[in-house]
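Colleague: Sharing a model prediction with you, sequence too.
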Amino acid sequence: MKKQEKPTCPHCQARLLKWLPPPEASWGTTIQYVCFNDECSYYKNGWDHMMNKFQVKASYRYRLDSETGAHGPLPVWSDNAVRNLIVEEGGES
């Protein structure tokens, strides 16, 4: 990805925020871009999907690897989960 690009979520078109995975994550220290829009369909529908399929109260947010372009779910257990690891707020570049 080019550093100038400001990626957006393919599910809701919200701007993705830079997020730093915790040290114990398998992604290492690579910056990830994550959708923190609580109205995103991917996130909202994830609650029902996880409960129906796995009987777990959890969801996921869309995640994009800044180096490889790989994307997929970032598991979350609440609206506020993992927000403390955001390294860029919505209004910043």
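Modeller: Here it is on my side, so go on. Numbering: from 1, shown residues only.
Colleague: show me what contacts residue 62?
Modeller: Residue 62 makes contact with 9, 10, 11, 16, 34, 35, 40, 42, 43, 71, 73, 74, according to CB atoms under 8 Å, 6 or more residues apart in numbering. Heads up, the C-betas are built off the backbone N, CA and C, glycines and all.
Colleague: Which entries within those meet the buried criterion?
Modeller: Among the contacts of residue 62, those classed as buried by 16 or more other CB atoms under 10 Å are 9, 11, 16, 34, 35, 40, 42, 43, 71, 74.
Colleague: Out of those, list just those in helices.
Modeller: Under the assignment DSSP state H, these contribute 42, 43 to helices.
Colleague: would you list every one of the strands in this protein?
Modeller: For the chain, the strands defined by DSSP state E occupy 17-19, 32-34, 59-65, 71-76.
Colleague: So which elements touch the first one?
Modeller: Applying 3 or more CB pairs under 8 Å, 6 or more residues apart in numbering; DSSP states H and E, one finds that strand 17-19 contacts strand 32-34.
Colleague: Show the average pLDDT along the strand it packs on.
Modeller: What strand 32-34 shows for mean pLDDT is 96.
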